[in-house]
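> Give me a model of this one.
(one chain, ligands or ions: 3)
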Amino acid sequence: MHANIVVLPGDGIGPEVTAAAVEVLRAVAARYGHDFHFREHLIGGAAIDATGSALPDDTLAAARDADAILLGAVGGPKWSDPNAKVRPEQGLLAIRKALGLYANLRPVKPHAATLGASPIKPHLLQGVDLIVVRELTGGIYFGDKTRSDSDASDLCRYSVAEIERVVRHAAALARTRSGKLTSVDKANVLETSRLWRDVTTRIVREEFPDVQLEHQLVDSMAMHLLARPREYDVIVTENMFGDILTDEASMLAGSLGLLPSASLGEGTNGPDGSAQPEHRIGLYEPIHGSAPDIAGKGVANPYAAILSAAMLLRHSLGLDAEAQCLELAVSRALDAGVFTADLTCDRTRAVGTRAVTEAVLEQLELPCQVMELRD
Ligand code: NAD
Ligand code: IPM
Ligand code: MN
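Ligands and ions are numbered 1, 2, ... in the order given. Down below sits the predicted model:
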């Protein structure tokens, strides 16, 4: 298969972890006979420095034409002046909105080898396999903002259509898993949440009667997620709650450096340019940020970026077997104890970004049963 992949390294550790993910994708292409073409473009602080805009026109144009987009992270202290006219994060929000990437999938599946990296007791983590579907192009992130000398406001607004489409996505996903869907809101306080709850209840009742739906308030959800994570499967929630709950959920896996994500919209351009709803245009990025405290040191954990590349293979290119083989390679590298500093208390065992990348490349060379079965 031929695929055009746009790479947006961004800022801080973004370029370090995307370089690792691209190297791994090149190895996947070589091993399984694909032709991936990579083009780098600017976003975030790096784009502000070069062009004055956090999302230059040519970056957006290239992204629209791509089969998939791989992104690192944006932001950092250099661009964090509260009075700055333009901020790196605006570039990320703008590309999500412009491409209509409303469903952000954030899977959380602790790996046996990294249970020790989690502050949660290991017996609570065994068997945890959940996925948060975060609404990504609405809510308080995108409402009108005002600021005067005496006050400021951010408007939180959701339309019925915005809620319907992300709930349909999550309910369809729940159907392919255990059939259980948890919707998270703050319906005891927020009007947007009361609409969210009404719409979710109706969509599931009318279109997914086989899906078992429960509603949960976000504050107690934050507690349940740590106390009984095994009880959750698909969790659907609005933009900001999903942002916060998934950084929290990263502690189930052991590190922010382990959680990948896929941001999906409606299918418009399949690999051959034709509309292929099952091969959606998507943007793939780790859930972590630019980690300014460790940037430039070669110590960033690239597993989340590499696992995001696996999601890219699966969701945008339809290469599910290759995605599974890459996930297996990551799993084997973790089993072999190849840990960055965030994954181990034993500093003498910690390796850098380069060593993790090499370990995954080495594991990719080994036989992968998934491929053998398909072939
Ligand atoms: P962060 O996710 O960048 O870092 C939080 C902590 O986790 C830091 O101690 C960091 O060193 C550590 N960490 C994160 N990723 C890691 C990795 N791969 N390997 C090892 N350690 C890792 O969050 P922050 O410090 O709150 O934000 C820093 C900047 O990143 C801000 O400008 C923020 O807006 C931006 N940000 C961007 C994205 C994105 O581009 N998607 C996501 C979150 C934050
Ligand atoms: C994320 C980040 C972004 C968000 C920021 C950088 C705009 O935290 O992708 O989780 O809040 O969506
Ligand atoms: Mn976040």
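> For the longest strand belonging to the chain, name the packing helices and strands.
Counting by DSSP state E, the longest strand found in the chain is strand 2-10. Here strand 2-10 touches helix 14-32, strand 35-40, helix 44-51, helix 57-65, strand 68-73, going by 3 or more Cβ pairs under 8 Å, 6 or more residues apart in numbering; DSSP states H and E. Bear in mind the C-beta positions are built from the backbone N, C-alpha and C, glycine included.
> residues of the fourth one that come out buried?
Pointing back at helix 57-65 there. Across helix 57-65, burial judged by 16 or more other Cβ atoms under 10 Å covers T59, L60, A62, A63.
> returning to that earlier point: deepest-packed of the helices and strands packed on strand 2-10, please.
strand 68-73 (a mean of 29; mean count of other Cβ atoms under 10 Å).
> Sheet partners, orientation included, of it?
strand 2-10 (parallel), strand 282-284 (parallel) (DSSP bridges).
> Quick one: residues in contact with the last one.
Read it as strand 282-284. The contact list for strand 282-284, computed with Cβ atoms under 8 Å, 6 or more residues apart in numbering, reads 63, 68-71, 95-96, 99, 101, 260-265, 308-309, 311-312, 315-316.
> Report whether that strand contacts ligand 2.
No. If you take Cβ under 6 Å from any ligand atom as the test, strand 282-284 misses ligand 2, and the best it gets is 10.2 Å.
> What average pLDDT does that strand get?
Taken as a whole, strand 282-284 has a mean pLDDT of 98.
> Tell me what angle the longest strand of the chain forms with strand 35-40.
Per axes from the mean of the first three to the mean of the last three Cα atoms, to 10 degrees, the angle that strand 2-10 makes with strand 35-40 is 30 degrees.
> What lies in contact with strand 2-10?
Taking Cβ under 8 Å, 6+ apart as the rule, strand 2-10 contacts 14-15, 18-19, 22, 25, 34-46, 59, 62-63, 65-75, 88, 95, 271, 290, 312, 316-317.
> Could you show which parts of the stretch 1-150 of the chain are in contact with ligand 1?
Near ligand 1, when you scan the stretch 1-150 of the chain using Cβ under 6 Å from any ligand atom, you find I13, V17, A73, V74, G75, G76, E89, L92.
> Can you tell me which helix or strand of this protein has the lowest average pLDDT?
Taking mean pLDDT, DSSP states H and E as the measure, the helix or strand of the chain with the lowest value is helix 369-374, at a mean of 59.
> count of neighbours near the closest residue to ligand 2 within the chain?
In the chain, the residue that lies nearest ligand 2 is E89 (4.0 Å; Cβ to the nearest ligand atom). Look at E89: counted by other Cβ atoms under 10 Å, it has 17 neighbours.
> how near is it to E135?
Distance of E89 to E135, given as Cβ to Cβ, to the nearest Å: 17 Å.
> what's the domain layout of the protein?
1-105+255-375, 119-253 (automatic domain parsing).
> Between these, which one is closest to A113.
domain 1-105+255-375 (4.3 Å; Cβ to Cβ).
> Mind checking what secondary structure I131 has?
strand (DSSP: H, G, I helix; E, B strand; the rest coil).
> quick one: pLDDT of it?
Reported pLDDT for I131: 98.
> Quick check: the closest residue in space to it that isn't next to it in sequence vs E362, distance?
Using Cβ to Cβ, 6 or more residues apart in numbering and skipping the chain neighbours, the partner closest in space to I131 is P107 (4.5 Å). In this view, P107 and E362 are 24 Å apart by Cβ to Cβ.
> on that earlier part again, among the residues of the stretch 1-150 of the chain next to ligand 1, which two are most distant?
Farthest apart among those by Cβ to Cβ are V17 and E89. That separation is 17.7 Å.
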